[in-house]
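S.K.: build me a structure from this.
(3 chains)
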Amino acid sequence: MLEFSEGSYIQRKTLFVEVILPLAISRNYTYRVPFEMNSLVETGKRVVVQFGKSKLYTAIIASITEHAPEKYEAKYIIEVLDDKPVVTERQLKFWHWIAEYYMCNEGEVMNAALPSALKLASETKVMLNRDYEFDRTQLNDKEFLITEALDIQPELTISDIAKLLGQKTVMPILKSLFEKNVINISEEVSERYKPRRKTYLTLNPEYNNPESRKELFTILEKRAPKQADAVLAYMKLSRQQKAVTKNELVEESGAGDSSIKSLIEKEVFIAEERTVSRLGYDENDDIANFTLSNAQQIALQEVQQQLTEKDVVLLHGVTSSGKTQIYIRLIEDAMATGKQVLYLLPEIALTTHIIERLRVYFGTHIGVYHSRFNDNERVEVWRKVLDNEYQVVLGARSSVFLPFHDLGLIIVDEEHETSYKQYDPAPRYNARDAAIYLANLHKGKVLLGSATPAFETYFNARTKKFGLVELAERYGGVQLPLIEVVSIGKETKDKTMQSHFTSVLMLDMEQAIANKEQVILFQNRRGYAPILMCRICAYTPKCINCDVSLTYHKHSGKLHCHYCGYKEDTPSVCPACGSTHLEYKGFGTEKVEDELSMLMPDARLARMDLDTTRSRNSLQTILNNLEEKKIDVLVGTQMVAKGLDFADVTVIGIINADSLLKYPDYRANERSFQMLAQVSGRAGRRGKQGKVVIQTYDPNHRVIKQVIANDYADLYFTEMEERKSFHYPPFYRIINLDVKHKNPEILYNQAEYLANELRKHFGERVIGPEPPLINRIRNYYIKSIMLKFERDTISIVKAKAVIREVITQFQTTKLAKGSIVQPDVDPY
DNA sequence: AGCACGCCGACT
DNA sequence: GTCGGCGTGCTC
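M.R.: Sure thing, here's the model as predicted:
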């Protein structure tokens, strides 16, 4: 003992760290800190540890103690990766809450939260960054050696590199190479996000004075009249709107693409490519310089006022009411106090355009976080949020995991969107709900925005748990769509129906197409016909796994199960009685498209449902075609109602509202109301009157009346008063347990067994596993068991404790062999 | 998540 | 007789 200074005393203490490993294991593990690293360890820093026989992982320090574990000998930490923590203590608390609330492991949360480049493991693959030219003379010997090796073999694992260098500690070298942008850390090579581009035209300023313009016209009219038309059309358009696109000009002038091309070559027009949003916005609505309408101003003040009293406020504003402008004012407020802001959007609404416009507004202080970003970009955003370089972050679901220091405000736009909920890998979190907890950790506020709030949100607002601000007026004089309810029954009697279309809808469609406007038809079923039935013995083919009737798909000529994906050939004779009188009952999008193509042979039709969007770019192609007006009528399922607005869609037809009104779901009325309201909201934007045609056998159905009145309160509250027995979430807390297995038969037995185990504790509050509907995800069949508790009859904590115990027993029972049970908590 | 260990079916 | 399938348990 040569030294007695305080510093050396600290070095002599034996420290242990509890770390979170990025694995689905139930506990945190304890490692021993070598003396020389005593001053380096800190909560939230990354460390490299060996776990199991040979694997190295990046783990996060969750806590530091001096107490040695008693039952085992702790392994040593191999290295400390960071100079300062990459995960804040608040985040660790947040992770802990997520793990607890959504019944998963902290390791799984870590996996979802950290970009993979921050969690290198021995099997991680490394490759050269091809997008970046680097100067190899800047590298040291070892770094140089690695790049050389990567020239020969494009992919190396970290253990390969350890062998190559003949040393165990390679992480710091890789870290530095990554930071110098020399290497990439591979993940599944995610498709890079391609922004959508549009060509904008401006007239060469040379022709701004009347004389030179006159001159231009005289030349053009003689030699190229089409080009003259194009210039005239440009003048007309530019008087109406701020920016003119090439496509708009082609359409307006009737001149061909080539005339415009030659005008660009002659430098009459100056062409410029710009990134464009897929939302209904374009250059013509100005976000940088806007004034709030009266209604918006009142709503803003009300939101500000309510945010002083409540932690969460719901802004319920009809489609096109200009909620974004209100958000921008609120973001400014929060920024003025020096706090950070998180602006959450569903993935589909995150486009470069909205980002660009907010960038114009907030400069370089705004960061964006996307699932389509590659890892380098994600790490960069992570670091910049950590270093407080970004004051505003615009992002999808996973951005709730960024290392914020001082969140003043979280905005959750389109709060009702189901894409905020992650289903497949744990953690099965809902970013909207997690955001509320996150804001709470920061003593910040949450604004939820929606035109069609989720039922639970509206319930919380009406029961004063959340604040509530209503904005019922569309912005900028945009009219709410006219809604016309048409009785299918009456038109059938009058013989004015043409296949599935009423005369009203036919007329509206024809008019819209004549005006070069577009139509969206909504039919809540895909396939051709949902039921095939024998006319003699009423036999219907059913799925062998799920016991639901099989849907006929004309495209494949087969019968499909929409739950598990099972397919079989269409029988030509009834398998039960041998008769040949087989009948298709009901109809889906395929049939609607089919019949419409016969009624309107000239209209350009397209279909958007799961079947037509399964392949990689097909959704994008459909959207592009719609935007470029290569489609007159789009037939689709729920997909057409999600997030996308097109300026020229003026007519929305709901082919059969009754299939929606009888939605086979325990939240039936809410779902049908939302669906109808969302679809309806898509009609008519930017100065065009929209129209919604609702075809139904039941024109007096209350839900339809409420959609017309945009009346949430009545729907929800009378419903609750009248039918307390209905399975509405605000009265119930629901926990879903998913049972997974590759074999549907075993799965069903196990689900049944688990349900019975749970019944021993919870009695009749366990629903399931009937009816035998089985979903298939990847190669597993999944069956849910729902636990439904009346509110206040059981604490969710207690329920979860019991469930955990049952699951643990279940997993050690012989019957449970091979099944994985994954709980999915619905917090309402 | 990996990985080893162990227990049953079809092969040189 | 073994090779290898997966089901099970453990990793600080």
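
S.K.: give me the phi and psi for A:Val392.
M.R.: Geometry field for A:Val392 lists phi and psi as phi -120, psi 130, criterion degrees, to the nearest 10.

S.K.: let me fix that, I meant to ask about A:Glu272.
M.R.: Reported as degrees, to the nearest 10, the phi and psi values for A:Glu272 are phi -140, psi 130.

S.K.: bridging residues for it?
M.R.: Under the criterion DSSP bridges, A:Glu272 forms beta bridges with A:Tyr200.

S.K.: what does the pLDDT read for it?
M.R.: We have a pLDDT of 79 for A:Glu272.

S.K.: neighbours of it, how many?
M.R.: In terms of burial, A:Glu272 registers 11 neighbours under the definition other CB atoms under 10 Å. (C-beta placed from N, C-alpha, C; glycine too.)

S.K.: now swap in A:Thr580 and tell me
M.R.: Applying other CB under 10 Å, we find 11 other residues in the vicinity of A:Thr580.

S.K.: for A:Asn736, same thing?
M.R.: The tally of other residues near A:Asn736 (other CB under 10 Å) stands at 17.

S.K.: need the phi and psi values for it.
M.R.: Main-chain dihedrals, A:Asn736, degrees, to the nearest 10: phi -100, psi 130.

S.K.: from A:Glu764, how far out is it?
M.R.: Remark: distance between A:Asn736 and A:Glu764 (CB to CB, to the nearest Å) = 17 Å.

S.K.: count of residues packed around the closest residue to DNA strand B within chain A?
M.R.: Nearest to DNA strand B, among the residues of chain A, is A:Ala24, at 3.5 Å (CB to the nearest atom of the strand). Using other CB under 10 Å as the criterion, A:Ala24 is surrounded by 14 other residues.

S.K.: surely it and A:Pro425 touch.
M.R.: No - the pair A:Ala24 and A:Pro425 does not pass the contact test of CB atoms under 8 Å, sitting 9.1 Å apart.

S.K.: so what sits against both of these two?
M.R.: With contacts taken as CB atoms under 8 Å, 6 or more residues apart in numbering, the residues that reach both A:Ala24 and A:Pro425 are A:Glu108.

S.K.: give me phi/psi at A:Leu407?
M.R.: On the backbone of A:Leu407 - angles per degrees, to the nearest 10 - the values are phi -80, psi 120.

S.K.: domains for chain A, by residue range?
M.R.: The record, using automatic domain parsing to delimit domains, assigns chain A the ranges A:2-118, A:125-185, A:203-276, A:294-477, A:482-528+A:587-721, A:732-825.

S.K.: in CSV: these, plus distance to A:Ile536.
M.R.: Written out in CSV, the entries for the domains of chain A read as follows (distance: least, CB to CB, whole Å):
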stretch, distance to A:Ile536
domain A:2-118, 51
domain A:125-185, 61
domain A:203-276, 55
domain A:294-477, 42
domain A:482-528+A:587-721, 22
domain A:732-825, 27
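
S.K.: A:Arg535 is in contact with A:Tyr584, correct?
M.R.: No - between A:Tyr584 and A:Arg535 there is no contact, the gap being 10.9 Å when judged by CB under 8 Å.

S.K.: which one's more surrounded, those two?
M.R.: A side-by-side neighbour count of A:Tyr584 and A:Arg535, using other CB under 10 Å, places A:Tyr584 first with 16 against 12.

S.K.: give me the element that one is part of.
M.R.: Taking DSSP states H and E as the definition, one finds A:Tyr584 inside strand A:582-585.

S.K.: average pLDDT across that strand?
M.R.: According to the model, strand A:582-585 has a mean pLDDT of 92.

S.K.: return the list of strands paired to it, each annotated with direction.
M.R.: Using DSSP bridges, the strands paired with strand A:582-585 are strand A:531-534 (antiparallel).

S.K.: quick check: buried residues in the partner strand?
M.R.: Of the residues in strand A:531-534, those scored as buried under the neighbour-count criterion (16 or more other CB atoms under 10 Å) are A:532-534.

S.K.: what number of residues lie near A:Phe362?
M.R.: Residues contacting A:Phe362 under the criterion other CB under 10 Å number 18.

S.K.: can you tell if whichever strand or helix holds A:Lys740 touches DNA strand C?
M.R.: Using DSSP H and E, A:Lys740 sits in strand A:732-741. No - interface with DNA strand C: strand A:732-741 contributes nothing (CB under 7 Å from any atom of the strand), its closest point being 9.0 Å away.

S.K.: mind giving me the packing neighbours of the helix or strand following that strand?
M.R.: Following strand A:732-741 in sequence order, the next helix or strand is helix A:744-762 (DSSP H and E). Identification of packing neighbours for helix A:744-762 by 3 or more CB pairs under 8 Å, 6 or more residues apart in numbering; DSSP states H and E yields strand A:732-741, strand A:766-767, strand A:780-790, helix A:796-812.

S.K.: most tightly surrounded among those?
M.R.: Most buried of the helices and strands packed on helix A:744-762, by mean neighbour count (mean count of other CB atoms under 10 Å): strand A:732-741, with a mean of 22.

S.K.: that one close to DNA strand B?
M.R.: No - counting by CB under 7 Å from any atom of the strand, no contacts exist between strand A:732-741 and DNA strand B, the nearest distance being 11.2 Å.

S.K.: that strand pairs with which strands, and in what direction?
M.R.: Strand A:732-741 has the following sheet partners, assigned by DSSP bridges: strand A:780-790 (antiparallel), strand A:820-826 (antiparallel).
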